[in-house]
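1. Sequence below, structure please.
(chains A, B, C and D)
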Number of protein chains: 2
Amino acid sequence: MAHLQNRPGPGQGRRRASHSMESVLTEAVALLDEAGAPALTFRALAQRLGGGVASIYWYVANKEELLDRATDHVIGTVLAEIEALPGSDDPIDDLRAMAVTLFDAILDRPWLGAYFMRNTDVQGNSLRLYEKLGRQTLRLDLNALQRFHAVSAVVGVVVGSAVDMGQEPPEEVLDGSVNRDEYLGRYAQTWRELDPEAYPFVHEIVDEFDGHDDVDQFRSALDLTLAGLRLQSGA
Amino acid sequence: MAHLQNRPGPGQGRRRASHSMESVLTEAVALLDEAGAPALTFRALAQRLGGGVASIYWYVANKEELLDRATDHVIGTVLAEIEALPGSDDPIDDLRAMAVTLFDAILDRPWLGAYFMRNTDVQGNSLRLYEKLGRQTLRLDLNALQRFHAVSAVVGVVVGSAVDMGQEPPEEVLDGSVNRDEYLGRYAQTWRELDPEAYPFVHEIVDEFDGHDDVDQFRSALDLTLAGLRLQSGA
DNA sequence: ACCTGAACACCGTTCAAGT
DNA sequence: ACCTGAACACCGTTCAAGT
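-> Next up is the predicted model:
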């Protein structure tokens, strides 16, 4: 029976599994990409890795750390994109390009919105990304406090927009029985039925809300912040 | 034994409990205030209400709705504060005062940051708050799309800052064995140990980060957005 | 050093039944 | 109309034991 150790037949049970931090994170990210945050459970992850649940605890102390590391892992690819950006003679334009790159990554992976920048204490790619953004402010005529606040503000705009978008759409949208436009349309309809005297603003913007693009919303929030920053820096 | 129905003695078991939407939400908020989002479970809530878990499902369809309604419930008090604001001849100043009021409420209740404005489809106080903010933009020389984007941007700044703050601080801070300044200080220390060549920005701002105030951070992010808005509105 | 199975102490949600 | 107890199908986490 010794041969079973090196050549297990089908249905004979598998060998002792062997993982690595890399494979744990790759599979965790795959799970998140395929079905969002609720899909990432230790049991589901263990099954994908072909091992037992408890073995994951050799790599991470708990679920929070798993999420932090998975997030930092994908921020690594975002960082690479940001480093590949051409760069210009305008630091504010460069800041905008970086923020847009980051936002695009969140559009691809909505679960990212809820976790990135939650703790830089992992010290990895999130911190490097923060540094990259901040370095642009070194080119502006600002003091250290203004620079700190400027980067916080830009990250805040990304997070604020991402959180707004990261909400799971209702299942009718997910399962494709109702598309996003229809969904927004229905929503807009309930707004149109509100009393115009009591809700003048809602009526003013309901047609803009109907069919709106999240990217436009993000871009203009970012542009307002950057316009304020430009003013502050006197450039 | 018939008297047991109207006068149950101590330790004899309680009468059939009777709730109301109001009491369900009040106790839910109390739980959230006392120990944050993880403390709000159906079992804990049922115990506070003196009844069984399943009865809560007569008032809400699921936990998401419970959280939505609890959030909207406290937004009601924020709305009242906002309506009590004096108001000025500058719509942008009024917008700022409203956003600050909202942010202060989140400082008092950190759990709020993660849930408010997540769905206005509850139609209640969140929508009224949105209307209140938006009405200020009607006083500005903007088109409907710009108004829609302006309010989204302001809400985004609040949410972005709130999320950043809403993170549970490490338990050493919660249990008081380490205060916030010490915690920030340790954190800053690890930044100071980074290579200054590789992390010039981090070194530039580390002293600002050390001991920084979340309110200042929020205020300056808000001011950048509002400065951009003022520029756009030509006021 | 790294993996396993089984257990523990929770969750949200459902349901048939009671009042 | 509103509440109950008990069950179901999950969770994250631990631990003694294996290799």
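2. Quick check: residue A:207 vs residue A:216, distance?
-> The gap separating residue A:207 from residue A:216 is 14 Å, by CB to CB, to the nearest Å. Any C-beta I mention is one placed from the backbone N, CA and C, and that applies to glycine too.
3. likewise residue A:49?
-> Counting by CB to CB, the gap from residue A:49 to residue A:216 is 41 Å.
4. Looking at those two, which one has more neighbours?
-> residue A:49 (20 against 14; other CB atoms under 10 Å in any protein chain shown).
5. So that one is in contact with residue A:20, correct?
-> No - the pair residue A:49 / residue A:20 is not scored as a contact, 9.7 Å apart, by CB atoms under 8 Å.
6. quick one, helices of chain A?
-> A:21-35, A:42-49, A:63-83, A:91-108, A:125-137, A:144-166, A:171-174, A:180-192, A:200-209, A:214-233 (DSSP state H).
7. so which of those is the most packed in?
-> Most buried of the helices of chain A, by mean neighbour count (mean count of other CB atoms under 10 Å in any protein chain shown): helix A:144-166, with a mean of 23.
8. Send me it as CSV with only the CA atoms.
-> Output of helix A:144-166 as CSV, limited to C-alpha atoms (Å, rounded to 0.1, in the frame of the first residue of the first chain):
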residue,chain,number,x,y,z
ALA,A,144,3.1,70.0,5.4
LEU,A,145,-0.3,70.2,7.0
GLN,A,146,-1.9,71.2,3.7
ARG,A,147,-0.2,68.4,1.9
PHE,A,148,-1.4,65.9,4.5
HIS,A,149,-4.9,67.2,4.2
ALA,A,150,-4.8,67.3,0.4
VAL,A,151,-4.0,63.6,0.1
SER,A,152,-6.5,62.7,2.7
ALA,A,153,-9.1,64.7,0.7
VAL,A,154,-8.3,63.0,-2.5
VAL,A,155,-8.4,59.5,-0.9
GLY,A,156,-11.6,60.6,0.8
VAL,A,157,-13.3,61.4,-2.6
VAL,A,158,-12.3,58.0,-4.0
VAL,A,159,-13.5,56.2,-0.9
GLY,A,160,-16.7,58.3,-0.7
SER,A,161,-17.6,57.5,-4.3
ALA,A,162,-16.6,53.9,-4.0
VAL,A,163,-18.7,53.3,-0.9
ASP,A,164,-21.7,54.8,-2.6
MET,A,165,-21.1,52.4,-5.5
GLY,A,166,-20.0,49.4,-3.6
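9. so for it, what's the average pLDDT?
-> Across helix A:144-166, pLDDT averages out at 92.
10. how far does that helix sit from the chain's center?
-> Its chain's C-alpha centre lies 13 Å from the corresponding centre of helix A:144-166 when counted by CA atoms, centre = their mean, to the nearest Å.
11. so which of the helices of chain A gets nearest residue B:108?
-> Across those, residue B:108 has its closest neighbour in helix A:144-166 (19.9 Å, CB to CB).
12. What is the closest one packed up against?
-> Helices and strands touching helix A:144-166, by 3 or more CB pairs under 8 Å, 6 or more residues apart in numbering or on different chains; DSSP states H and E, are helix A:91-108, helix A:125-137, helix A:214-233, helix B:144-166, helix B:200-209, helix B:214-233.
13. rewinding a little: between the helices of chain A, which gets the lowest average pLDDT?
-> Taking the average pLDDT of each of the helices of chain A, the minimum falls on helix A:171-174, with a mean of 62.
14. Quick one: residues contacting residue A:158.
-> A:99, A:102-103, A:106, A:218, A:222, B:160 (CB atoms under 8 Å, 6 or more residues apart in numbering or on different chains).
15. Give me the subset of those that also touch DNA strand C.
-> When CB under 7 Å from any atom of the strand is applied, no member of the contacts of residue A:158 is adjacent to DNA strand C.
16. ok, of those residues, which one's closest to DNA strand C?
-> residue A:106 (25.8 Å; CB to the nearest atom of the strand).
17. Okay, that closest one and chain B: tell me how far apart.
-> Counting by CB to the nearest CB, to the nearest Å, the gap from residue A:106 to chain B is 13 Å.
18. Between the contacts of residue A:158, which sits nearest residue B:140?
-> Checking the contacts of residue A:158 one by one against residue B:140 (CB to CB), the nearest turns out to be residue A:222, at 19.5 Å.
19. Would you check that that closest one makes contact with residue A:157?
-> Yes - using CB under 8 Å, residue A:222 is in contact with residue A:157, at 5.2 Å.
20. Between these two, which contacts overlap?
-> Contact criterion CB under 8 Å, 6+ apart; residues shared by residue A:222 and residue A:157: residue A:99.
21. Which positions in chain A make contact with DNA strand C?
-> Counting by CB under 7 Å from any atom of the strand, the residues of chain A close to DNA strand C are A:14, A:16-19, A:46, A:50-55, A:58-59.
22. among those, who's most crowded?
-> Neighbour-wise, those (other CB under 10 Å) top out at residue A:46, 19 neighbours.
23. Next one: it from chain B, what distance?
-> According to CB to the nearest CB, residue A:46 and chain B sit 24 Å apart.
24. Need the nearest residue in space to that residue, chain neighbours excluded.
-> In this structure, residue A:46 finds its nearest non-sequential neighbour in residue A:53, 4.4 Å apart by CB to CB, 6 or more residues apart in numbering or on different chains.
25. The one you found contacts residue A:63, doesn't it?
-> No - applying CB under 8 Å, one finds residue A:53 not in contact with residue A:63, separated by 11.6 Å.
26. Now do the shared contacts for those two.
-> residue A:42.
27. quick check: domain ranges of chain A?
-> A:1-61, A:73-235 (automatic domain parsing).
28. Show the pLDDT at the residue nearest the centre of chain A.
-> Centroid-nearest residue in chain A: residue A:112, 2.5 Å away (criterion: CA atoms, centre = their mean). For residue A:112, the model assigns a pLDDT of 93.
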